[in-house]
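Sharing a model prediction with you, sequence too.
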Amino acid sequence: MKKDTRWAMVIDLRKCVGCHSCSVACKAENDVPPSVFRSWVKIIEKGKYPNVSKSFLPSLCNNCENPICVRNCPVGASYKREDGIVLVDPHRCIGCKYCMASCPYDVRHINPIRKIVQKCYFCHHRVDAGLLPACVETCIGRARVFGDMNDPNSDVAKLLATEPVIVLKPEMATEPRVFYIGADIDAMEPMEGHTEE
Amino acid sequence: MDIQVVYNTPHEIPLGVPIAVYFYLTGLSAGSFVISVIAVLGGRKEYKPLGRIGAIVAPVALIVAPAFLIVDLEQPMRFWHLFVFMNPQSPITYGSFLLTLYPINGIIYAWFLFRGEQALAKILGLLGIPLAICTHGYTGFILALGKGRALWSTALMPTLFIVSAMVSGMGLMIVLATLRWKYFSKGRPPEALAQDRQLILGLGKILGGCVLFDLFLIGNDILVLLTSKTEELAVAHLILTGRFAPLFVGVEIFLGGIIPALLVFLPVTSRRVRYCFLASCLTLVGILAMRIVVVIAGQSIPLH
Amino acid sequence: MAGINRREFIKGTAAAVGAIGSAWKVSEAMEPSVVGASIGRTSRRPRNSVVTTCLNCYARCGIFGYETDGQLMAVGGNPGHPNNRGRMCAKGHAGINILYDPDRILHPMKRVGERGSGKWQQLSWEEALGEVASRMRRLAAAKQQDRFVFLSTRDITSQDFTRRFCYAFGSPNALVNVPLSGWNKASAQALTWGAPFEINDVANTQYMLLFGANPFEAHLLRTSFVQRITEGRVTKIEHDKVHHGAKMVAFDPRLSQTAGKSDEWFPIRPGTDGIVALAMANVIMREGLAERDFIDNWCNYPFDKLAAHLAQFTPEAAERESGVPAADIRRIAVEFATTKPATTVSTGGISKHENGVQAERAVMLLNAITGNIDVRGGFCLPRQYHLPQPDPKPSVPDKSSPFFGQGLLGLEGEAGLLTAVERGAKVEMCMLYKANPCYEWPDTARTKKLFSDEQQIPFLIAIDSFMTETAVYADLILPDATYLEKLEIEAPPSFSMVPIIALRQPVVKPLGSVRSAEDILLELAFRVGGGMEKFFPFDSYRQYIEAQITGIQPLVKAGGFGYLEEKGVWHDPQKKPVYRSYEQNGFATPSGKFEVYSERIAKAGQSALPTYVPVKQTHNLADDEFILITYQWNVHTHGRTADSMWLSEIVHSNPMLINLEVGERLGLKTGDRVRVSSQSGEIETEIRLTQGIHPKTVAMSDSVGHWAYGRIAQAKRFKSKYLETEHIWWGEEEGCGTHPNAIIRHSSDPLGGGEAWMDTRVRIKKA
Ligand SMILES: Nc1nc2c(c(=O)[nH]1)N[C@H]1C(S)=C(S)[C@@H](COP(=O)(O)OP(=O)(O)OC[C@H]3O[C@@H](n4cnc5c(=O)[nH]c(N)nc54)[C@H](O)[C@@H]3O)O[C@H]1N2
Ligand SMILES: Nc1nc2c(c(=O)[nH]1)N[C@H]1C(S)=C(S)[C@@H](COP(=O)(O)OP(=O)(O)OC[C@H]3O[C@@H](n4cnc5c(=O)[nH]c(N)nc54)[C@H](O)[C@@H]3O)O[C@H]1N2
Ligand code: SF4
Ligand code: SF4
Ligand code: SF4
Ligand code: SF4
Ligand code: SF4
Ligand SMILES: [Mo]
């Protein structure tokens, strides 16, 4: 691995078809039990008949440059690797859930079987072996692109340089490493369409 | 705009009621400790019983408190990781040390107090006050550093926690002092009892003051929330008019704040111990409600 | 496959970027390090990979099964497959759920209680096959082979083998479920240009006009098709030319995921697409936008007469029928005719109607008059091998099957069995293979009655992997190997425009004592004997497949079966994509032309020219009546995937969609339960109000709502060794949905014989 590698994902929502293949690929690859997801696709419907459209928003851990979850984890179980991937040490995590409460994106979950906190870690085991993350490899709309954003020749670097990208909640200063092209602001806004029961 | 969420995963509420209770207990402990120390430092004889009650309540509450914390851990058997793997950036890490030091200090303090070694007790008491404040203040930080949660992420949070700790600590002291006055007064001279009565009523006034200050802080917080961004607004509505309104407006503000304040300040009620007692009980309930509202409502706004 | 390293990854990436070139918008980024490999998450050791072909739906994507110590660990796409190019849909990944499903049937079972009582006894294959064979022999002895009915899934390529079995036995009743889906479309296409369907070259198109198609969620070639759509939809540089993102316009009464992402959505009244397409054709002809060349040279009807015929379909008339504004019809027609290349995409939404054949023909006409037939980016003929039947071939029994649908081309019907038996046709033995009529057929009550009645079907055999809604009535269940445990050959149409042949091979050893259906049939043929075995001179199904491909010389040269075993898929490297292929031999129609005018339809008593026939059932609706349409979810395949944990976790219920304003007028809100009734029956279902549906339409998916099949499909929580089934959470909260077919009436297009799924008239009452 090059020294200043920074893994990043770009999701081109012009091409996402909301198929959930990423969600299921992730479950399969990472043994994610029922009731929790590391990657899921939010789907909203907006407008008034007959002017209505749909938007999709695949969600996963942003593997932030400045992860609040890591800062707040009391036992250092959450940590950031040199290449930017944020991981949870399964043997050290005490399950205090403070990281879950801290993450502005709610992408962490308790594994109901192993009783520790888990989340997307950019399939680091695959990436280390030179493979793409499972969700990227399978993306049927070819919307997900993964690579080293510090490598000027990588697809992600080119996309970041030439396309208008946005991240979720930039005001959190977490510096997400998941970027979206063509995202619908209404899908990114958690309160939109939220009805209080 | 007409927007319907067609598919999303449910958002989680990771920290539950045990955590709220944990916050409550540390608050009680810190409040009663501070009052105990003030009583001891004040040196007046009639405050002595207060000092003793506080000295016992504080460590007891604080020894029970972490139990709730540990119960809430998914891996309770790993709680010792907190002392071995430390992350200096995490408020919980401070917490684990405060939670150890503070009760130890409190026990020694109590020990000196009951042995009558006033001077040593005073020194430990003085040492203990910042510890107590930190121990509870840090819980405020735990929440304040949860950046994504609109209700938590305010610089007021530690202060709010400390003030509310004082309220609940004071409330508990009054309750205990009243019980002592009422039921354990056999054989005590009538003037001592009258003194106790004055003491209780006096404490009631201080309690009232703390309650008003607490309400003032909450008012500030709400005002800012109401004029902020989407999530802040949403959480303000959630607690003011939404699902949490009964608990927040009804129990925390009204029952646990306004009514006790009225009870201790209105001339008709302010001279009677039973109203003071009632006011204290209400603040105890009110602060518990506050902890629950902060913890649970704070996590009830979806983040995705 | 072990040798994947970071350097290769980076190299591959650079190469792809190089191909795209210029610093100008790189929106067509590819990540070519998809190499089709998998490693253990904790061991970090590469897993063994077996290349094969998915069959969790009919798209037949190329995949790898990743296995360690005989256990299937994961499934992934095969980047070497020219269709899906390494991608896989959610259902594909969940194939492993099917393989290890705790409710799979792993041993032959015999009914011991009453029919449908659920009492079973395990028996050996010897006993099971012995019983079937002796019953078949008895039938043969009584010369009643025509009372043997074989119902099988649209298993596409291996269908030939089941047909062979039937014919060899002497029964004409080889019924497949295609009429449930594509017969109307297939008939229209076969009648018009001699191929059963088209390939829309969407990756290269500039305009996609969707009629009743929802490829983002369901399509016969879904994963392969979808990636080409998204490719065509973005601006990119290709061959040094700018490809501008194609426009996509969707006609669908329901805001499907595809419609929701289209540039324009027209909520059309169900069953009226035909007239809209014809009105567009009319506008194009009248405005002088038609491509005369193609019409004059390749259509069998003169330009002027066609224009005259179309003149009756004015945009205004179309608006009255369909609710689509005439101005929009005009505008879209002009856009479609002036944007080149362009293609329509039409599937079940228009063909699953009583007027499906005419509607599909009208849509095809649009492509013909705009010169988009078989051009790059247009509406293309499928490139596909038709694998030959190895000799000796059984002859088709002289008697025609009384169970066939009434399709004009004599296409075999399935639900036709219902009416045929009611009319008195006799069945002695019925064999189901991968078919679940009680779930997937219309008129559930009627269908159930047929299959549960020992008078009507005295002996029922199910070759299936699950205890389906129909298998519960079986007398004998023969457990089939799943597609991850069996050998099959496939020749799907190709998106690279060069035909392909693909192999499906076992990734793991079959579980329990299950056997592949083909092996079961092969052995049965021998046991039944009486001459039947002559047509099966193969030691194994593999030998049969090998015989099928011997005729394809270049494949044999490349290594034949061995090549397929190793690579999974083959295409002739000499063949280059050629468009306008019809210029070589004409169209496979009687006239050799694109038959705008169909003599065969005229003979059947309908208009030989594309026309619009209103759907009787739904044409005139009372105020409180609605048209029920159905649709497929993106994570399910009809009735077969609901027992897959990962899929049902995402979609497990199917609230009926009702237009928000209409719903509110009826005093309904999302989450309410309603009773929906039609002439076939009544169901109770949850509803969801939405802005995304035509006011006179309500919609339900047919993907969920099982009452048998498996415990996961029914959202039950239980302990099992595979997956954490005790954590199934949706049962209490949301249930497992309601299947709509109980209120869908059995009817079909008289021309195509295909089921009219979308023509149900319903009333709604709050429950
Ligand atoms: N995910 C998934 N993919 C599948 C399948 C699956 O079950 N799941 N099944 C496979 C099979 S067997 C088949 S046949 C195909 C089916 O694929 P399609 O034939 O494309 O699917 P349908 O869902 O039947 O219908 C498509 C759309 O037509 C709309 N529609 C209904 N009535 C009308 C109408 O009158 N006019 C118009 N314009 N639109 C209408 C529906 O709302 C729906 O969005 O998909 C295949 N692929
Ligand atoms: N309301 C409504 N109903 C419809 C439609 C609609 O649009 N609306 N569409 C229709 C269409 S297009 C179609 S194609 C049909 C599809 O209807 P079906 O053919 O019934 O559906 P499938 O999901 O393909 O599943 C068929 C059977 O395959 C079995 N199976 C799964 N894996 C295996 C295996 O490995 N081996 C064996 N032997 N069996 C296996 C399952 O148990 C199931 O019984 O549904 C039709 N029904
Ligand atoms: S998205 Fe949340 S969990 Fe992931 S790194 Fe950022 S803060 Fe941590
Ligand atoms: S739950 Fe685990 S990872 Fe999260 S903060 Fe606590 S110890 Fe750290
Ligand atoms: S990168 Fe891996 S862990 Fe993360 S969402 Fe994708 S599949 Fe899941
Ligand atoms: S797999 Fe790709 S296209 Fe499908 S939902 Fe995920 S990101 Fe979107
Ligand atoms: S579309 Fe999905 S289920 Fe169908 S064959 Fe391809 S991967 Fe398998
Ligand atoms: Mo189908």
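All right, it came through fine. Please read all numbers here as calculations on a predicted model, not as lab measurements. Ligands and ions are numbered 1, 2, ... in the order given.

What ranges does chain A have for its helices?
Using DSSP state H, the helices found in chain A span residues A:21-30, A:68-72, A:98-102, A:124-128, A:134-138, A:155-162, A:185-188.

Tell me which residue lies nearest the centroid of the chain.
All of this refers to chain A. A:Leu60 (2.4 Å; C-alpha atoms, centre = their mean).

oops, I was thinking of chain C
In chain C, the centroid-proximal residue (C-alpha atoms, centre = their mean) is C:Leu220; its distance is 4.4 Å.

Confirm for me that that one is in contact with C:Ala59.
Yes: between C:Leu220 and C:Ala59 there is a contact under C-beta atoms under 8 Å: 6.5 Å. All C-beta atoms are positioned from the backbone trio N, CA, C, and that covers glycine.

Could you find the residue in chain B that comes nearest to chain C?
Per C-beta to the nearest C-beta, B:Asp2 is where chain B lies closest to chain C, at 5.8 Å.

count of residues packed around the nearest residue to that residue once chain neighbours are set aside?
Leaving aside its chain neighbours, B:Asp2 sits nearest to A:Lys48 (5.3 Å; criterion: C-beta to C-beta, 6 or more residues apart in numbering or on different chains). Using other C-beta atoms under 10 Å in any protein chain shown, A:Lys48 has 11 other residues around it.

again with the one 3 residues further on
The criterion is other C-beta under 10 Å. On that basis, A:Asn51 has 11 neighbouring residues.

One more: C:Thr641?
With other C-beta under 10 Å as criterion, C:Thr641 counts 25.

I figured it was touching C:Gly92, is that so?
No: using C-beta under 8 Å, C:Thr641 is not in contact with C:Gly92, being 10.5 Å away.

so how far is C:Phe251 from the residue lying farthest from the centre of chain A?
Centroid-distance maximum for chain A: A:Pro50 at 32.9 Å, with C-alpha atoms, centre = their mean. As for A:Pro50, its distance to C:Phe251 is 12 Å (criterion: C-beta to C-beta, to the nearest Å).

Which neighbours do those two have in common?
Counting by C-beta atoms under 8 Å, 6 or more residues apart in numbering or on different chains, the shared contacts of A:Pro50 and C:Phe251 are C:Phe266.

Can I take it that C:Gly551 is in a helix?
No: assigned with DSSP: H, G, I helix; E, B strand; the rest coil, C:Gly551 falls outside any helix and is coil.

TSV for the helices of chain A, including mean pLDDT, distance to C:Tyr66 and mean neighbour count?
Shown next, in TSV, are these (pLDDT from 0 to 100; distance: least, C-beta to C-beta, whole Å; neighbours: other C-beta atoms under 10 Å in any protein chain shown):
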stretch	mean pLDDT	distance to C:Tyr66	mean neighbour count
helix A:21-30	97	10	27
helix A:68-72	96	31	23
helix A:98-102	95	31	25
helix A:124-128	94	12	19
helix A:134-138	96	11	27
helix A:155-162	94	25	20
helix A:185-188	95	33	18
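
how about the ones you listed, which one is nearest ligand 7?
For the helices of chain A, the distance to ligand 7 is smallest for helix A:21-30, at 8.0 Å, taking C-beta to the nearest ligand atom.

In contact with the nearest residue to C:Thr272 once chain neighbours are set aside, which residues?
Setting aside the residues directly before and after it, C:Thr272 is nearest to C:Ser322 in space (C-beta to C-beta, 6+ apart), at 3.8 Å. Residues near C:Ser322 by C-beta under 8 Å, 6+ apart: C:268-269, C:272-273, C:275-276.

Overlap in contacts, C:Thr641 and C:Gly92.
Common neighbours of C:Thr641 and C:Gly92 (C-beta under 8 Å, 6+ apart) are C:Asn56.

if we can go back for a sec, is the residue farthest from the centre of chain A in contact with C:Ile268, as I believe?
No: judged on C-beta under 8 Å, A:Pro50 makes no contact with C:Ile268 at a distance of 10.2 Å.

And the strands in the stretch 551-700 of chain C?
C:569-571, C:625-631, C:656-659, C:673-678, C:681-690, C:697-701 (DSSP state E, counting those that start in this stretch).

Tell me which of those strands sits nearest to B:Val295.
strand C:681-690 (32.8 Å; C-beta to C-beta).
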